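Trainee: Below: sequence and its predicted model.
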Amino acid sequence: MGNEYYNNKFAYQNQKNNKMVYGGYQPVPGPTAPSLEININQNHGGASPVPSYASAGRRPPNHPPPIPPVSEYAQPAYNPMWFDRFPRRENRGMFRLALVEAMLALVVLGGGIWCARDTSDYCPWHSAIWTGAFFLINAIIGSAAAKIGSINLYMAHLVMSLVCVGMCLIGGGLSTRNWITVGTYGHPKIERGAAFCLLGEHDPSRISYIFSHMDKYDFRSCLFQLKVGIAVNSIQIVVSALQGKFCIKA
């Protein structure tokens, strides 16, 4: 330690003399005493010291590290439902529209079968049956086109939708005519002496006919047939209007 002190003092004197020779005196820091650093290993082991943020000159982060996206460490949940998978996003609305068309077609088809079986005179052309069947076929083709995404199915659904508009006009017109002519003499199937439980207008001769034949007819059955016929024709008018609107959108 004594030799190091003298060496530092000798270097300080030389630096001071050089400053004085070349002009302009500048203060030079004096010699520093040697420092003695002692590292004590308390664990008495050969393991290297653990680095810290203070020794590395860095501050610890103020926030925890960001969480990686879900796709990096977890697989998406499996969805077994068939009608939730579509080749295109726009097909989802097309598929739902086809489901609505199918439900309306089943309502009309069921009503047409009921009317043809129990009250065939009130549904003379069976328009609810063939229009409901056509609506159901168009809905099935539309749902298949939305799920599969085939060009041929798209074109078939487009053609069927155009034909569906004409079918709606025809079926709605026939149902409207049936609904209007019930109780009048202009109905194509119900004769004057058939619907004896219904008076579409004031007719003294018909009233006398009904009173003279009251014991020969079943008024309950006549009234039931009248209700079914009016209900089925009314439903077909409303559904034909809705189906025509849906086919234009499709």
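Mentor: All right, it came through fine.
Trainee: After the helix or strand harbouring residue 176, which helix or strand is next?
Mentor: According to DSSP states H and E, residue 176 maps onto helix 151-181. Using DSSP H and E, the next helix or strand after helix 151-181 towards the C-terminus is helix 204-212.
Trainee: Show the average pLDDT along that next one.
Mentor: Averaging pLDDT along helix 204-212 gives 78.
Trainee: Only the C-alpha atoms, please, for that helix, written as CSV.
Mentor: What follows is helix 204-212, C-alpha atoms only, in CSV (Å, rounded to 0.1, in the frame of the first residue of the first chain):
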residue,chain,number,x,y,z
PRO,A,204,-136.1,-14.3,-47.0
SER,A,205,-136.4,-17.4,-49.3
ARG,A,206,-133.1,-18.8,-47.9
ILE,A,207,-134.3,-18.1,-44.3
SER,A,208,-137.5,-20.0,-44.9
TYR,A,209,-135.5,-22.9,-46.5
ILE,A,210,-133.3,-23.1,-43.4
PHE,A,211,-136.2,-23.1,-41.1
SER,A,212,-138.0,-25.8,-43.1
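Trainee: List the contacts of residue 107.
Mentor: By C-beta atoms under 8 Å, 6 or more residues apart in numbering, the residues touching residue 107 are 132, 235, 239. (Glycine included, C-beta is placed from N, CA and C.)
Trainee: Flag every buried residue along the host helix or strand of the last one.
Mentor: If I follow you right, that is residue 239. Using DSSP H and E, the element containing residue 239 is helix 219-249. With burial defined by 16 or more other C-beta atoms under 10 Å, the residues of helix 219-249 counted as buried are 222, 225-226, 228-230, 232-233, 235-237, 239-240, 243-244, 246-247.
Trainee: go on, stretch 170-184?
Mentor: Buried residues in stretch 170-184 (16+ other C-beta under 10 Å): 171, 172, 174, 175, 177, 178, 179, 181, 182, 183.
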